[in-house]
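Novice: just to be clear, the model below is a prediction. Sequence and coordinates:
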Amino acid sequence: MADKIRVLFVCAKNDVRSLLAEAMLRHTDSSSFEAFSAGLEPGEVDPRTVESLEHIGIETNGLRSKSINEFDGQQFHYVITLCDKSSEDASRMPSSGEVIVWCFEDPTTSEKHEPFRHALQEIHDRIKMFVTVKTRQ
């Protein structure tokens, strides 16, 4: 495969869900995909994000909260929004072949038992499906 499929995951703050998705896609299929993440209003990376990834052996080096503005002018095959706020603010997204909306509950405010592990599992399942579908085309 000549060019990798460029994917940008966008969330409100780029502190949990979009970072989980970026790391998970890199881990799942870095030969076919180039994964990035950004936030509308970037914040600090939640330490539980890194802990959740490292707990299952996923590389976290270089993960940091980034502004959507860092990607101005860049082209992506897919921009995937991971929360309501980011999907409502599509006008700020870099250009892409397709915008996909995935909504996951914010683990920082979730009432679920082990919310970060739960979020990681949901994102992992969705990414596995995404990779399967997009690499078959």
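Specialist: It's in.
Novice: how near is Ala119 to His55?
Specialist: Taking C-beta to C-beta, to the nearest Å as the measure, Ala119 and His55 are separated by 13 Å. Just so you know, the C-beta spots here come from the backbone N, C-alpha and C atoms, and that holds for glycine as well.
Novice: no wait, Lys13
Specialist: Taking C-beta to C-beta, one finds Lys13 at 22 Å from His55.
Novice: these two: who's more crowded?
Specialist: Between Lys13 and His55, Lys13 has the larger neighbour count (other C-beta atoms under 10 Å), namely 22 against 12.
Novice: how many other residues sit next to the closest residue to the more buried one other than its chain neighbours?
Specialist: Excluding the flanking residues, the one nearest Lys13 by C-beta to C-beta, 6 or more residues apart in numbering is Gly43, at 4.0 Å. Neighbourhood size, Gly43 [other C-beta under 10 Å]: 13.
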